[in-house]
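Trainee: sharing a model that was predicted from the sequence below.
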Amino acid sequence: MLGALIGDIVGSVYEWKNRKDKGFPFFQPNCRMTDDSVMTAAVASALLMEEGKDLEGFRKNLIGEMQRLGRMYPNVGYGLRFEKWIASEEPVPYHSLGNGSGMRVSPVAWAADTMEECLALAKVSAEVTHDHPDGIAGALTVAGAVYLAREGKSKEEIRAYVTRYYPLDFTLDEIREGYQFDVSCAGSVPQAMEAFLEGEDFEDTIRNAVSIGGDSDTIAAMAGAVAAAFYGVPKAIRDEAMPFIDGEVRNIFDRFIRQY
């Protein structure tokens, strides 16, 4: 979870001011949590509730927590359709194939006891809004990669898993110059996974993710989620990140890491 939050925070200032290099300042005063962090916290909060990992209980609780936190944290970058979903009295999925399903899913990989449970929870976490097959695929890709990383699997094994869903037939250097803003799962999840696979450590993974431009905060959140499980988060980076994580998101984060 922390890796996703840090990726989001670091990438937040580059989403609309893209960098095409890795030499950018890591944390800046105007960094902030965006919708990626808030919805990651919503997933974590739903997992902490009484029904926990019961799939239908998780679905019900997740909808409630996404709406509660979405209303508590307005103006953090939600898409128009998702804003309407947050405000709806009867929220229903809207067949999205966007990367919102991938950016929020990482807590399920820490709560799950098996890969099968991880993927079942990931599917539910996507379906409440992103019920398009590619929206679901994005969540399954990120969650499965995080789960494999926390289980100590190799990058080769993680790459093989990711390629069940998306081809990884490029390098970051090959796409960096021409890569453009793309909020679809197909156009950002594989790029995030490649940023992790080419990374030398946690920080380098985040720098990789931001360096291609595009939807920087979300790509970095997804890459950071896997990198944190694989490498851990260095204490210095963790300490610098924590002041940016506040309010109810911080409360949920603290409770989640105590339990998982």
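Mentor: Thanks, I have it. Residues are numbered from 1 along each chain as shown.

Trainee: find the nearest non-adjacent residue to A228, please.
Mentor: G3 (2.5 Å; CB to CB, 6 or more residues apart in numbering). Glycine gets a C-beta too; all of them are placed from N, C-alpha and C.

Trainee: which ones are touching the one you found?
Mentor: S106, F202, G224, A225, V226, A227, A228, A229, V233 (CB atoms under 8 Å, 6 or more residues apart in numbering).

Trainee: make a markdown table out of these and add pLDDT and secondary structure.
Mentor: Converted to a markdown table, the contacts of G3 look like this (pLDDT from 0 to 100; DSSP: H, G, I helix; E, B strand; the rest coil):
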| residue | pLDDT | secondary structure |
| --- | --- | --- |
| S106 | 98 | coil |
| F202 | 98 | helix |
| G224 | 98 | helix |
| A225 | 98 | helix |
| V226 | 98 | helix |
| A227 | 98 | helix |
| A228 | 98 | helix |
| A229 | 98 | helix |
| V233 | 98 | coil |
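
Trainee: mind picking the two most distant members of those residues?
Mentor: Spatial extent of these (CB to CB) is set by the pair S106 and F202 at 13.9 Å.

Trainee: between these two, which one's more packed in?
Mentor: S106 (32 against 26; other CB atoms under 10 Å).

Trainee: which ones are touching the nearest residue to that one once chain neighbours are set aside?
Mentor: In this structure, S106 finds its nearest non-sequential neighbour in A225, 3.8 Å apart by CB to CB, 6+ apart. A225 sits next to M1, G3, A4, G7, S106, A109, V142, V146 when contact means CB under 8 Å, 6+ apart.

Trainee: distance check, A225 against P93.
Mentor: According to CB to CB, to the nearest Å, A225 and P93 sit 23 Å apart.

Trainee: pLDDT on the helix or strand in which G7 is found, on average?
Mentor: If you go by DSSP states H and E, G7 is part of helix 2-11. Here helix 2-11 scores 98 as its mean pLDDT.

Trainee: using CSV, write out every CA atom in it.
Mentor: Taking C-alpha atoms only, helix 2-11 is exported to CSV below (Å, rounded to 0.1, in the frame of the first residue of the first chain):
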residue,chain,number,x,y,z
LEU,A,2,2.8,2.5,0.9
GLY,A,3,4.5,2.0,-2.4
ALA,A,4,1.3,3.0,-4.2
LEU,A,5,0.9,6.1,-2.0
ILE,A,6,4.4,7.2,-2.5
GLY,A,7,4.3,6.7,-6.3
ASP,A,8,1.1,8.8,-6.4
ILE,A,9,2.6,11.6,-4.3
VAL,A,10,5.8,11.8,-6.2
GLY,A,11,4.1,11.6,-9.6
